[in-house]
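# Below is the sequence, then the predicted model.
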Amino acid sequence: AQSVTQLDSQVPVFEEAPVELRCNYSSSVSVYLFWYVQYPNQGLQLLLKYLSGSTLVESINGFEAEFNKSQTSFHLRKPSVHISDTAEYFCAVNWRGSNYKLTFGKGTLLTVNP
Amino acid sequence: DAGVIQSPRHEVTEMGQEVTLRCKPISGHNSLFWYRQTMMRGLELLIYFNNNVPIDDSGMPEDRFSAKMPNASFSTLKIQPSEPRDSAVYFCASGPGLAGGPEQYFGPGTRLTVT
């Protein structure tokens, strides 16, 4: 079965430190890749997406993710985090031909401490 | 655009009662998804529709759960009868589907508490 693995359930960091949230998926066939962010008591918001083209994609608030086909990974990075980045982050994968169904990872809780 | 709209935002009901959750997708989107989120099981896909037709309902936990999409701008998720283990946050999401891509946009959710 196709699966998405987020290796870290919690990542605590200090403000202005760099962070990487890891995401691996099970199959190297054609995929669309997504990161979502969920702030407390809110719905999931689309943070960034890879559909085709450049393997490095960026969000408007400084996050970036790189599609690595050989390692079946889509890790999320930010060079300097803010307190306001504290949230849960979900990696999601759509395997082409699966009718636009997304498979989500279990999430990583990023906590940014002062 | 107003985004995906869900109602009610909070619902508290007693065991055995019928619960109906409502969703209005983003205008022009062809796909609609219902999810459930709990601490224990995380985010689970319950059912999804393309062009108002149910495509996969394998995630619906039991016959007590049913979902409909009578038109492109409205969907309901019904639980009858409700049980305490149904307590969760229920999200509706919509996406462009075949018209434009696989990304999904989530509503704010309905927090259901069954006592």
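Looks like it came in fine.
# so what does the host helix or strand of B:Pro70 touch, helix or strand wise?
In this structure, B:Pro70 sits in strand B:65-71 according to DSSP states H and E. Strand B:65-71 sits against strand B:42-50, strand B:53-56, strand B:74-79, with contacts defined as 3 or more Cβ pairs under 8 Å, 6 or more residues apart in numbering or on different chains; DSSP states H and E. C-beta coordinates here come from the backbone N, C-alpha and C atoms, glycine included.
# Would you format these as TSV with mean neighbour count and mean pLDDT included?
What follows is the helices and strands packed on strand B:65-71, written out as TSV (neighbours: other Cβ atoms under 10 Å in any protein chain shown; pLDDT from 0 to 100):
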stretch	mean neighbour count	mean pLDDT
strand B:42-50	20	93
strand B:53-56	13	92
strand B:74-79	19	98
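# burial count for A:Ser30?
11 (other Cβ atoms under 10 Å in any protein chain shown).
# got it, and A:Asn41?
Per other Cβ under 10 Å, the neighbour tally for A:Asn41 reads 10.
# Nearest to B:Cys92, out of the helices and strands packed on strand B:65-71?
Counting by Cβ to Cβ, B:Cys92 lies closest to strand B:74-79 out of those; the figure is 6.8 Å.
# what angle do that closest one and strand B:42-50 make?
For strand B:74-79 against strand B:42-50, the angle by axes from the mean of the first three to the mean of the last three Cα atoms, to 10 degrees is 130 degrees.
# What lies in contact with strand B:74-79?
Outside of strand B:74-79, the residues within contact range by Cβ atoms under 8 Å, 6 or more residues apart in numbering or on different chains are B:18-25, B:32, B:34, B:46-47, B:49, B:64-69, B:86, B:90, B:92, B:112.
# Which residues of chain B lie near chain A?
B:4, B:31, B:33, B:42-43, B:45, B:48, B:50, B:55-56, B:91, B:93, B:95, B:97-98, B:101-109 (Cβ under 8 Å from any Cβ of the partner chain).
# In strands only, show me these.
Judged by DSSP state E, the subset of the residues of chain B next to chain A located in strands is B:31, B:33, B:42-43, B:45, B:48, B:50, B:55-56, B:91, B:93, B:95, B:105-106.
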